[in-house]
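**Student:** Below is the structure, and that's it, no one-letter string:
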């Protein structure tokens with residue numbers, strides 16, 4: 001059996017392939033998609049304007065009947081493992097979750113002697129049901145347990161000093177808010193969140209929380225309408241932000257320790273499960289993060305979404321009053337789950353960057369190893385007319401081999417440095 005190092009995407013769907021033709025036409029923006037079949041296989045072929053690639057969807061069938069137990073396997077024109085195309089494959093896989101209630105897989109395959117596949121997944125993605133009151137795909141309901149986030153001591157001297165500093169900053173019409181400078185290191189290290197009064201700093205353009213112990217920010221941060229620079233760098237306990245921070249429309253620059261963030265592309269740190277846990281702020285006052293309607297915690301439908309804020313993609317907690325408000329949320333950037341979700345350790349996210357790099361490096365090494373194994377270790381010798389031995393002149397292909405050896409050595413060096 002041979003390894004097939006082309007990217008493949010596959011999913012299981014209980015619908016006849018001809019009936020799926022209009023669905024895939026719409027999903028891929030493929031007006032030229034056509035259906036065909038033979039004794040064992042059926043397929044759809046065409047080209048995708050949405051993803052700028054050819055597409056070939058196939059599934060086994062028997063006596064003209066689709067085998068729903070077999071996967072629909074999708075090949076694209078994105079076939080090389082060493083050209084940074086994994087993110088494009090993940091983007092297509094994410095799009096396919098729009099039509100599939102189960103997971104969508106992507107990875108490689110081993111070819112059997114009869115040319116069928118043994119599929120080997122590298123990753124998988126699936127969309128959650130985020131309707132209010134729904135926990136699981138089977139439709140069972142849930143009642144999340146309320147959890148007041150953070151452990152701030154609001155009776156401490158440090159908290160009183162922070163509250164006074166906010167009052168003074170607003171009164172003096174200062175354009176900077178830097179608690180470390182005002183409170184000192186010891187008091188600043190006792191601050192785990194900010195008072196709701198932070199929303200009164202409508203004139204502040206610069207906020208700096210470098211090296212803080214912050215665990216979350218209140219939604220009132222969204223009232224800081226003049227904010228242009230936001231710096232919580234090295235605040236390693238700050239894993240998420242309120243969606244209301246997107247209301248700071250003047251915010252253009254940020255500095256965040258992104259490896260500590262839920263869902264960040266570098267680590268894919270799992271999101272807390274909002275199906276079982278309701279994140280509750282200290283204040284009982286709550287409004288819909290999207291439309292601003294006053295709601296109670298019993299009425300909110302909390303979801304996560306990742307969006308650009310300043311110069312970083314941040315994980316944001318949304319308190320939504322309705323599915324209409326959830327549907328109105330912006331589309332996340334490429335490389336992140338493209339829809340709101342409930343989180344949990346079991347949530348299927350795209351692979352982290354480091355895992356992507358490992359997969360592509362291993363594929364490059366394997367490709368070059370196979371290529372070099374076909375290269376002779378020495379050049380064949382022939383007799384020249386004078387009777388002495390000389391090497392056979394190199395062909396154009398053989399002249400390329402030293403460069404291939406250098407490439408393989410470079411790959412090994414890069415991999416060693418990365419590890």
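**Tutor:** Now that the structure is in, tell me what you want to look at. Predicted, not measured: the structure shown is a model, and the values here were computed from it.

**Student:** which residues touch residue 231?
**Tutor:** By CB atoms under 8 Å, 6 or more residues apart in numbering, the residues touching residue 231 are 206, 207, 208, 209, 210, 254, 255. In short, each C-beta sits where N, CA and C put it, glycine included.

**Student:** what's the answer for residue 294, then?
**Tutor:** 285, 286, 287, 288.

**Student:** circling back to that earlier point, CSV for the contacts of residue 231, including pLDDT?
**Tutor:** CSV is the format used below for the contacts of residue 231 (pLDDT from 0 to 100):
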residue, pLDDT
206, 98
207, 98
208, 97
209, 97
210, 96
254, 96
255, 96
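
**Student:** taking the residues you listed one by one, which sit in strands?
**Tutor:** 206, 207, 208, 254 (DSSP state E).

**Student:** Considering the residues you listed, which is situated nearest to residue 60?
**Tutor:** Comparing the ones in strands among the contacts of residue 231 against residue 60 with CB to CB places residue 254 closest, at 50.3 Å.

**Student:** Who are the contact partners of the closest one?
**Tutor:** Residue 254 touches 229, 230, 231, 309, 310, 311, 312, counting by CB under 8 Å, 6+ apart.

**Student:** What are the phi and psi values at the third one?
**Tutor:** Residue 231 adopts backbone torsions of phi -130, psi 90, taken as degrees, to the nearest 10.

**Student:** Which one of the contacts of residue 231 is nearest to residue 338?
**Tutor:** The nearest member of the contacts of residue 231 to residue 338, counting by CB to CB, is residue 254 at 22.2 Å.

**Student:** Nearest residue to the closest one in space, please, no chain neighbours.
**Tutor:** Sequence neighbours aside, residue 310 is the residue nearest to residue 254 in space, at 2.9 Å (criterion: CB to CB, 6 or more residues apart in numbering).

**Student:** hang on, isn't that neighbour packed against residue 246?
**Tutor:** No - taking contacts as CB atoms under 8 Å, residue 310 lies outside contact range of residue 246: 10.3 Å.

**Student:** shared neighbours of the two, which are they?
**Tutor:** Joint contacts of residue 310 and residue 246 (CB under 8 Å, 6+ apart) do not exist.

**Student:** Of the ones in strands among the contacts of residue 231, which is the most crowded?
**Tutor:** residue 207 (24 neighbours; other CB atoms under 10 Å).

**Student:** Could you give the bridge partners of that one?
**Tutor:** residue 177, residue 230 (DSSP bridges).

**Student:** which residues touch it?
**Tutor:** Applying CB under 8 Å, 6+ apart, the residues near residue 207 are 176, 177, 178, 224, 227, 229, 230, 231.

**Student:** so can I have JSON lines of those showing distance to residue 328?
**Tutor:** Shown next, in JSON lines, are the contacts of residue 207 (distance: CB to CB, whole Å):
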{"residue": "176", "distance to residue 328": "34"}
{"residue": "177", "distance to residue 328": "31"}
{"residue": "178", "distance to residue 328": "35"}
{"residue": "224", "distance to residue 328": "23"}
{"residue": "227", "distance to residue 328": "23"}
{"residue": "229", "distance to residue 328": "28"}
{"residue": "230", "distance to residue 328": "24"}
{"residue": "231", "distance to residue 328": "30"}
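
**Student:** From the residues you listed, list the buried ones, please.
**Tutor:** 177, 178, 224, 227, 229, 230, 231 (16 or more other CB atoms under 10 Å).

**Student:** sorry, back to before: of the ones in strands among the contacts of residue 231, closest to residue 52?
**Tutor:** residue 254 (31.6 Å).

**Student:** how near is that closest one to residue 304?
**Tutor:** 19 Å (CB to CB, to the nearest Å).

**Student:** next one: residue 238
**Tutor:** 15 Å.

**Student:** Show me what counts as buried in stretch 231-239.
**Tutor:** 231, 232, 233, 235, 238, 239.
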